[in-house]
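Q: quick one, fold the following:
(one chain, ligands or ions: 2)
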Amino acid sequence: MDRLLSIEPLSAAAFAPFGEVIAAGAALQRFAINGGTTERLHALARARADDGDVVISLALAQARQFPFEISMLERHPKGSQAFIPLDQRPYIIVVASAPTHQPHAFLATQGEGINFRAGTWHHPLIALQDSSQFLIVDRDGPGNNCDEIALQPSWWLTGIDAG
Ligand SMILES: NC(=O)N[C@@H](O)C(=O)O
Ligand code: NI
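A: Residues are numbered from 1 along each chain as shown. Ligands and ions are numbered 1, 2, ... in the order given. The predicted structure is shown next:
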């Protein structure tokens with residue numbers, strides 16, 4: 001099987017061209033609040049919703065089967081989209097700087113969330129275990145906010161131990 005994507009560990013630095021990692025280790029600003037009883041890890045990511053609202057939803061994702069074919073990408077031009085796991089289950093993130101460029105695949109295993117910057121080409125959620133729960137923070141509003149493109153030929157993900 002050619003056109004196999006290697007899967008690298010998710011890191012804020014590697015993901016920076018595509019958006020932000022939502023995890024304590026990625027915090028750039030952290031300060032005490034509430035009389036010192038709480039530490040705020042501030043602005044881990046910025047949610048954007050042009051001409052609409054930022055909404056918070058739940059995703060109950062089923063495991064993808066592997067080898068997994070990356071045959072399309074999508075982007076949301078009018079807003080960002082964040083996925084924040086509500087459990088510690090692993091998932092894979094696939095992004096690309098352009099549909100004609102080889103995508104990057106990242107594996108999140110520590111409960112890290114990600115925020116796709118508006119317009120970032122990505123594959124829809126790739127969960128590795130059934131009933132993985134995520135918060136989704138993205139835009140709800142008028143007009144099209146999801147451009148899809150087919151990848152011909154496809155790329156592939158394999159060799160994942162779904163845990
Ligand atoms: N449509 C939706 O809520 N999710 C997709 O955009 C996705 O990236 O998984
Ligand atoms: Ni999306």
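Q: tell me which element the residue nearest the centre of the chain is part of?
A: Nearest to the mean C-alpha position of the chain, counting by CA atoms, centre = their mean, stands I114 at 4.4 Å. Using DSSP states H and E, I114 sits within strand 113-116.
Q: and this protein, which residues reach ligand 1?
A: Contact residues (CB under 6 Å from any ligand atom) of the chain with ligand 1: E74, Q81, H122, P124, L125, I136. The C-beta positions use only the backbone N, C-alpha and C, and glycine is treated the same way.
Q: for this structure, which segments count as helices?
A: Taking DSSP state H as the test, the helices found in the chain are 12-15.
Q: identify the residues contacting the most far-flung residue of the chain relative to its centre.
A: Farthest-out residue of the chain from its mean C-alpha position, per CA atoms, centre = their mean: G35, at 33.7 Å. Taking CB atoms under 8 Å, 6 or more residues apart in numbering as the definition of contact, G35 has no neighbours.
Q: show me where this structure has strands.
A: For the chain, the strands defined by DSSP state E occupy 7-9, 19-22, 29-33, 38-42, 53-61, 68-75, 81-85, 91-96, 104-108, 113-116, 121-122, 126-127, 132-140, 147-157.
Q: A14 reaches H104, doesn't it?
A: Yes - here A14 reaches H104: they are 7.4 Å apart, a contact under CB atoms under 8 Å.
Q: residues contacting the residue nearest to the centre of the chain?
A: Contacts of I114 (CB under 8 Å, 6+ apart): L10, F15, G19, E20, V21, I22, A82, F83, I93, A108.
Q: A24 and Q110, how far apart?
A: Distance of A24 to Q110, given as CB to CB, to the nearest Å: 9 Å.
Q: so what's the closest residue to V21 other than its chain neighbours up against?
A: Residue nearest to V21 in three dimensions, not counting chain neighbours: A12, with 4.3 Å by CB to CB, 6 or more residues apart in numbering. Neighbour list for A12: E20, V21, A23, G25, A26 [criterion: CB under 8 Å, 6+ apart].
Q: got a list of what the third one touches?
A: Each residue near A23 by CB under 8 Å, 6+ apart is listed here: A12, L44, Q110, G111, E112, G113.
Q: of those - the most surrounded one?
A: Using other CB atoms under 10 Å as the neighbour criterion, E112 leads those with 26 neighbours.
Q: V21 is in contact with that one, correct?
A: Yes - if you go by CB under 8 Å, E112 and V21 touch, sitting 5.5 Å apart.
Q: cool, thanks, talk later.
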